[in-house]
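>>> The following block contains a protein sequence and its predicted model.
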Amino acid sequence: MTIILISNEPWGDIWYSKQHYANELSKLGNDVYFINAPKSWSFTDLFSWRVYQTKIKENLSVIDYHNPFPLRFFPSFMLRLNDAINRRKLKRALSNEKKTIIWQFDHNRFVNTLGLSKKERRVYHIADPYMNAVNNKKISALADLLVCTSTKYLPFYQNGKKEPLYIPHAISEEEFHISPQKVKALEKHFGGYVLMVGGLNHDVDFDLLEQISNQFSLVILGKLQTKESEDWEKWGLLKEKDNVHALGVVHAKELKNYIAASKVCITAYQFDLQEKGGNRSPLKILNYIAQKKPVVTSIDSEVNELDGELIFCEKDKKSYLDRIAQLMQTEKFDMNEELIIQFLGERTYPKMIEKIFEKLNED
């Protein structure tokens, strides 16, 4: 089977659910083409009429192309025009007689049928709150199957003709294989530390990170993604502290070693994020759980099975900091390993992919 995976996040060191699904689908023997979003438009793109293919490994390639026209003028018309031209480029490069699935994570492009194969079907995989995005309804209507990673997204899509399928975030089998040597070196270098993995965007509580750093060694893996000048200022002061180690982007396959070497893992979103209508169902929490690390979070992690066992959702800064302090002082964390192993066994990518294929084949 051929999988055309359309991603709004580029292939690279940072892996979101899109990259993980591409990797896992290829491991199952499918021919996977990961379609990167085009970069910012430049004048020379008017003359670019081809696609560029980079082979990552057996069964997995990354496809790049350029939009021939800028979207800043008459965006709706230009989107349709670019889509039509880019569809012809992709069809010329990827057209085949195999059963083809368009696996779409991107909510910004390809709002019409691609027509790369006579046996083409489309999955719209909703991994972020796209409900108010301009083209969300068009792509939803076009899809043969809607997949939501959060139960909080389901009510919006249940109003349509298609019943959405809830498929929570999954964990790769690769996450369980760490390097003991690398873990030992990280423990020696940083000592006992609190770890945060993820982008530093406008949903992050920078004041909370500052308070954590006043008490504990803090390692942060991720890049600054906010446009707020106040956040930039806070981040500039935070990363200069001696006990704050802002290491930037670490390749997705190396994160597990940093997690295994940590004492406590966190998400540090604003406490009222979900009350204000924002939502996060962090994939990183599953990475934390895979290494059986206690997790302190400021929002609902949507892993109810492990609430109070391995995941501690706190409602305010005081209880959040107190929980970290308690866990950092604990020599050996007491956990229900059988429950954790059972949970992880149900959240594998092959099982999630099988459920998606079963639902898709029902229609």
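Great, that's in hand.
>>> quick one, strands of the stretch 1-150 of the chain?
With strands called from DSSP state E, counting those that start in this stretch, the stretch 1-150 of the chain shows them at 2-6, 31-35, 52-57, 60-64, 100-104, 120-126, 145-148.
>>> again but with the stretch 201-350 of the chain, I slipped
Under DSSP E, counting those that start in this stretch, the stretch 201-350 of the chain gives strands at 218-221, 244-248, 264-266, 295-297, 311-313.
>>> I'd like a version of those strands in CSV, one that adds mean pLDDT and distance to Ile63 as further columns.
Where C-beta positions appear, they are placed from N, C-alpha and C, glycine not excepted. CSV is the format used below for those (pLDDT from 0 to 100; distance: least, Cβ to Cβ, whole Å):
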stretch, mean pLDDT, distance to Ile63
strand 218-221, 96, 28
strand 244-248, 94, 27
strand 264-266, 96, 34
strand 295-297, 95, 36
strand 311-313, 94, 37
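>>> Please export the C-alpha coordinates of the longest helix seen in the chain as CSV.
Secondary structure of the chain per DSSP state H: the longest helix is helix 75-94. Only the C-alpha atoms of helix 75-94 are listed here, as CSV (Å, rounded to 0.1, in the frame of the first residue of the first chain):
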residue,chain,number,x,y,z
PRO,A,75,-5.4,33.7,-0.4
SER,A,76,-8.4,31.5,-1.2
PHE,A,77,-8.0,31.7,-5.0
MET,A,78,-4.2,31.2,-4.7
LEU,A,79,-4.6,28.2,-2.4
ARG,A,80,-6.8,26.5,-5.0
LEU,A,81,-4.4,27.4,-7.8
ASN,A,82,-1.4,26.2,-5.9
ASP,A,83,-3.2,23.0,-4.9
ALA,A,84,-4.1,22.3,-8.5
ILE,A,85,-0.5,22.8,-9.8
ASN,A,86,1.1,20.9,-6.9
ARG,A,87,-1.4,18.1,-7.3
ARG,A,88,-0.2,17.7,-10.9
LYS,A,89,3.5,17.7,-9.7
LEU,A,90,2.8,15.0,-7.1
LYS,A,91,0.7,12.9,-9.6
ARG,A,92,3.6,13.0,-12.1
ALA,A,93,6.1,11.9,-9.4
LEU,A,94,4.0,9.5,-7.3
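>>> tell me the angle that helix makes with strand 2-6.
150 degrees (axes from the mean of the first three to the mean of the last three Cα atoms, to 10 degrees).
>>> wait, doesn't Asn112 sit right on Arg87?
Yes: with contacts counted by Cβ atoms under 8 Å, Asn112 reaches Arg87, the gap being 7.5 Å.
>>> out of those two, which sits in the more crowded spot?
Each of Asn112 and Arg87 has its neighbours counted (other Cβ atoms under 10 Å); Arg87 has more, 17 against 12.
>>> how about that one, what does it touch?
When contacts are counted by Cβ atoms under 8 Å, 6 or more residues apart in numbering, Arg87 touches 110, 112, 114-115.
>>> and stretch 268-275, how far apart are its ends?
By Cα to Cα, to the nearest Å, the extent of stretch 268-275 from end to end equals 15 Å.
>>> related to what we said a few turns ago, burial-wise, tell me which of the strands of the stretch 201-350 of the chain comes out on top.
Mean neighbours per residue, mean count of other Cβ atoms under 10 Å, is largest over these for strand 264-266, with a mean of 27.
>>> Okay, now the unreliable bits of this protein?
Where the chain drops to pLDDT under 70, the residues are 95-97, 117, 160, 274, 276-281, 363.
>>> most distant residue from the middle of it?
Phe47 (33.1 Å; Cα atoms, centre = their mean).
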